[in-house]
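**Q** predicted model and sequence below, questions to follow.
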Amino acid sequence: MIQLNNLTKKYDQKTVVDRLNLTFKPGVVTGFLGPNGSGKSTTMKMIISLVHPTFGKVTVDNKYYHSFAEPTQKIGTLIDPSAIDVNLTARQHLSFFSTAANIDKSKVEDMLKITGLEKVKNKKIKSYSLGMKQRLGVATALISNPDTIILDEPFNGLDVDGIKWLRRLFKQLADEGKTVIVSSHLMSEIQAVANRIIIIAQGKLLADMTIEEMNQKSLNSYVYVEANDLVKMTAALKTNGAEVVQKKDGLEVRNLDSREIGHLAREHDIVIYQLKKVQPTLEELFMEITKGKADYVSHKNERGKNNEALN
Ligand SMILES: Nc1ncnc2c1ncn2[C@@H]1O[C@H](COP(=O)(O)OP(=O)(O)OP(=O)(O)O)[C@@H](O)[C@H]1O
């Protein structure tokens with residue numbers, strides 16, 4: 001189990017990770033989300049002792065990561081792909097890694113097969129596409145069969161097949177009882193694989209919830225209604241405490257559920273054409289939660305093009 005207690009990092013005067021208290025448990029895929037520069041990578045690096053906390057602490061099974069005899073057998077990571085020597089082949093890289101980490105060499109061929117790199121295993125890494133490099137990063141993270149896998153932006157550069165493969169892999173790892181922590185900007189991917197979502201911004205924890213809790217959040221969920229008389233329907237809904245937003249062909253209704261709306265329509269002789277519950281996507285929820293809390297935001301100029309600008 002990984003435990004963060006008041007974990008804090010400051011660079012110069014800037015607090016980039018701010019008193020995080022979190023526990024990561026086995027058997028769960030956690031999506032670790034936040035806008036650019038929100039402190040995700042720094043937090044991940046502190047877990048594996050690559051960055052030293054300014055105060056607070058992070059422990060792995062009640063010990064510091066660096067105090068394990070074979071730390072890579074405890075946590076496998078894909079955090080800094082640039083750390084790989086691109087003049088090596090995938091096979092050489094995994095062989096050197098397994099020697100350094102005291103892992104049985106036979107695992108190298110297994111990992112090359114599992115990650116789909118067998119055909120290119122003897123080619124230099126510098127000739128690989130981004131997706132192939134990501135696959136090698138995943139191979140490096142998994143080769144020691146660690147209890148915990150931490151991956152920073154693992155979906156980057158992967159094709160559809162690669163993304164599907166990674167989704168299956170995460171589920172399989174969690175089913176095996178492993179702790180999986182994944183950061184990504186691809187919200188739909190996180191929504192598809194994660195059981196738990198953590199959102200940080202400016203180093204602070206903003207949300208920590210299961211996917212079920214996210215789906216139940218009333219924040220953005222509503223019932224979409226189309227009916228033969230929207231004016232009458234709106235009046236009936238409002239009298240019964242609903243919040244109603246008029247859309248082109250229907251109504252967005254909050255504070256009443258589909259059943260209540262159905263009964264109301266019947267009482268008022270209204271014919272319903274469509275009644276559907278609309279759940280917020282993770283992306284919508286993320287935008288809502290992090291609104292005004294990103295260091296880097298895009299503004300539209302008059303031509304509708306995005307300009308990167310500092311807050
Ligand atoms: N070694 C460093 N020295 C100074 N500032 C740093 C250092 N590493 C990170 N930072 C700053 O800390 C903040 C958090 O960076 P971090 O890389 O953890 O964010 P992130 O959430 O992973 O971002 P992204 O989604 O863009 O990868 C940023 O403002 C970054 O500039």
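**A** Structure's in. What do you need? Residues are numbered from 1 along each chain as shown.

**Q** show me where the stretch 151-300 of the chain has helices.
**A** For the stretch 151-300 of the chain, helices defined by DSSP state H, counting those that start in this stretch occupy the ranges 160-175, 187-193, 211-216, 230-239, 258-267, 282-290.

**Q** surely Leu282 is in contact with Ala192?
**A** No - Leu282 is beyond contact range of Ala192, at 9.3 Å (criterion: C-beta atoms under 8 Å). Where you see a C-beta, it was placed from the backbone N, CA and C, and this is true even at glycine.

**Q** could you check which of the two is surrounded by more residues?
**A** Under the neighbour definition other C-beta atoms under 10 Å, Leu282 and Ala192 were set side by side, and Leu282 has more, 23 against 16.

**Q** which residues are in contact with the closest residue to the more buried one other than its chain neighbours?
**A** Spatial nearest neighbour of Leu282, excluding adjacent residues (C-beta to C-beta, 6 or more residues apart in numbering): Gln191 at 4.1 Å. Shown here is Gln191, whose contacts under the criterion C-beta atoms under 8 Å, 6 or more residues apart in numbering are Gly31, Ile211, Thr281, Leu282, Glu283.

**Q** which of those residues lies closest to Thr239?
**A** Thr281 (31.2 Å; C-beta to C-beta).

**Q** would you mind listing what in the protein touches the ligand?
**A** Tyr11, Val16, Gly34, Asn36, Gly37, Ser38, Gly39, Lys40, Ser41, Thr42 (C-beta under 6 Å from any ligand atom).

**Q** are any of those buried, and if so which?
**A** Buried subset of the residues of the chain next to the ligand (neighbour count, 16 or more other C-beta atoms under 10 Å): Val16, Gly34, Ser38, Gly39, Lys40, Ser41, Thr42.

**Q** okay, the residues you listed in CSV with distance to Met187 and secondary structure next?
**A** Below are those laid out as CSV (distance: C-beta to C-beta, whole Å; DSSP: H, G, I helix; E, B strand; the rest coil):
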residue, distance to Met187, secondary structure
Val16, 22, strand
Gly34, 12, coil
Ser38, 14, coil
Gly39, 18, coil
Lys40, 14, helix
Ser41, 18, helix
Thr42, 21, helix
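
**Q** can you list those in JSON lines and add pLDDT and distance to Ser67?
**A** Listed next are these as JSON lines, based on pLDDT from 0 to 100; distance: C-beta to C-beta, whole Å:
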{"residue": "Val16", "pLDDT": "97", "distance to Ser67": "25"}
{"residue": "Gly34", "pLDDT": "90", "distance to Ser67": "28"}
{"residue": "Ser38", "pLDDT": "92", "distance to Ser67": "28"}
{"residue": "Gly39", "pLDDT": "95", "distance to Ser67": "24"}
{"residue": "Lys40", "pLDDT": "94", "distance to Ser67": "24"}
{"residue": "Ser41", "pLDDT": "94", "distance to Ser67": "22"}
{"residue": "Thr42", "pLDDT": "96", "distance to Ser67": "21"}
